[in-house]
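Visitor: give me a model of this one.
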Amino acid sequence: MKANQLKDKTIDELWTIHEEVIHLLSSKMEDEKAVLEKRLKELGVQSGALSPAKRAYPTVHPKYRNPADPSETWAGRGKKPRWVVAALKKGKHLEDFRIAA
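Guide: Next comes the predicted model:
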């Protein structure tokens, strides 16, 4: 279908064409996906195995503890907690909150 033919169509006709194209496209995509999954199965590869595995991050132990509330700890990574920022503004040093190893 040429662009000139599309310009002469009404909105309803264009919308109908749009829906037909979407239906055909999704059908073809599903067929292609089935073919690819069949090929992967023949090769002995599971389709989910192609996605990268999540990296296992090591557990980070806390290095600093809030003396006012011992349940609040910080590992020293990322953004400083509010209690650390407030204490540093009052003139304390980060080493004042270090947990003994």
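
Visitor: every contact and neighbour count from this point should use C-alpha atoms.
Guide: Noted.

Visitor: chain center to the longest helix seen in the chain: distance?
Guide: Identified as the longest helix of the chain according to DSSP state H is helix 11-43. Helix 11-43 has its average C-alpha position 26 Å from the chain's average C-alpha position, going by CA atoms, centre = their mean, to the nearest Å.

Visitor: with adjacent residues omitted, what lies nearest to residue 61?
Guide: residue 75 (6.0 Å; CA to CA, 6 or more residues apart in numbering).

Visitor: the one you found reaches residue 62, doesn't it?
Guide: Yes - counting by CA atoms under 8 Å, residue 75 does reach residue 62; the two are 3.9 Å apart.

Visitor: what is the mean pLDDT for the longest helix of the chain?
Guide: Throughout helix 11-43, pLDDT has a mean value of 93.

Visitor: who does the helix or strand following it touch, helix- and strand-wise?
Guide: Per DSSP states H and E, the first helix or strand lying C-terminal to helix 11-43 is strand 64-65. Here strand 64-65 touches strand 73-74, going by 3 or more CA pairs under 8 Å, 6 or more residues apart in numbering; DSSP states H and E.
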